[in-house]
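J.: predicted model and sequence follow; I will ask about them next.
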Amino acid sequence: MKPLQPATDILIAELSELGFDSFVETKDGLLAYVKKETWNPIALRNVQILSDEKFRIDYDVVEIEQENWNERWEKNFEPINVDNQCVVRAPFHDIPDVCYDIVITPKMSFGTGHHETTHMMLQLVLALDFTGKSVLDMGCGTGVLAILAAMKGASSVDAIDIDNWSYLNARENVVGNNCEQINVFEGDVSLLRNQNYDIIMANINRNILLVDIPIYVDHLKKGGILLLSGFYKEDIPLISKECEANGLSFQENLEKNNWVASKYVF
């Protein structure tokens, strides 16, 4: 697969629409899994990126035995170490000697820490004081950001994702990490009513962020912090313009392989 990014993200998004529900990113590309009864080879014609001349994507279709899934998953999912302070790992990995040990069961690669945006958001979270803070994690995925916020002392965390799989997986991971102060919801910003937060985290994508930034600000306490990611370096002017128009002050950007994570203060 060339170029690896953003091809991987686009392919995951398109395959998800076809019923693929498990993904593992590798150094060369992507492993995508779909249940046999859901598989429809004709539907691949609707995957636009496969015929996009800007990308080169070769693929094979292999039927695997159900009992081999755990073996394949263990082989391809490696623990993520963030600044030697936080490790995101699976239950079968060794217990690390770090301050924050997050154990997840990731059936998708979203939110495991492998992707640049999640890794940078974890870095921003590590740098903040969450003691006694009320927190919102929009687009929570596996829930790792919410879990780290809770581990760092947040008094309450609302984690929201529009995807049913992410909602169920985040609930599973929250229980597995004994984070009783986290409440997980399925939906979008329309779920927000009169809640106000000290810290809001949103790792989604540029278009959704641009629409939702004013809503985030409406639910952010004065002096509160907004952490954003899911967009490219060239998107910074658009994101910054929308944030500043809504009364946010820029603090810092982190950049990794053209992806960006930003911190703003209200």
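T.: Arrived safely, thanks for sending.

J.: nearest residue to Glu14 other than its sequence neighbours?
T.: Nearest residue to Glu14, sequence neighbours excluded (CB to CB, 6 or more residues apart in numbering): Val47, at 4.8 Å. C-beta: built from backbone N, CA, C; applies to glycine.

J.: low-confidence ranges, this protein, go.
T.: Counting by pLDDT under 70, the chain contains low-confidence ranges at 65-76, 106-113.

J.: quick one, helices of it?
T.: Under the criterion DSSP state H, the chain contains helices at 4-16, 69-76, 116-126, 144-151, 164-176, 206-218, 236-245.

J.: what angle separates the last one from helix 206-218?
T.: Pointing back at helix 236-245 there. Computed by axes from the mean of the first three to the mean of the last three CA atoms, to 10 degrees, the angle separating helix 236-245 from helix 206-218 equals 20 degrees.

J.: helices or strands up against helix 236-245?
T.: Helix 236-245 sits against helix 206-218, strand 220-232, strand 249-256, strand 259-265, with contacts defined as 3 or more CB pairs under 8 Å, 6 or more residues apart in numbering; DSSP states H and E.

J.: could you redo the last one with a cut-off of 7 Å?
T.: In terms of contacts (3 or more CB pairs under 7 Å, 6 or more residues apart in numbering; DSSP states H and E), helix 236-245 is packed against helix 206-218, strand 249-256, strand 259-265.

J.: over to the first one?
T.: In terms of contacts (3+ CB pairs under 7 Å, 6+ apart), helix 4-16 is packed against strand 30-33.

J.: cool, and the third one?
T.: In terms of contacts (3+ CB pairs under 7 Å, 6+ apart), helix 116-126 is packed against strand 80-82, helix 144-151, strand 197-203, strand 220-232, strand 249-256, strand 259-265.

J.: pick the most buried one from the ones you listed.
T.: Ranked by mean neighbour count, the helices and strands packed on helix 116-126 are led by helix 144-151 with a mean of 27 (mean count of other CB atoms under 10 Å).
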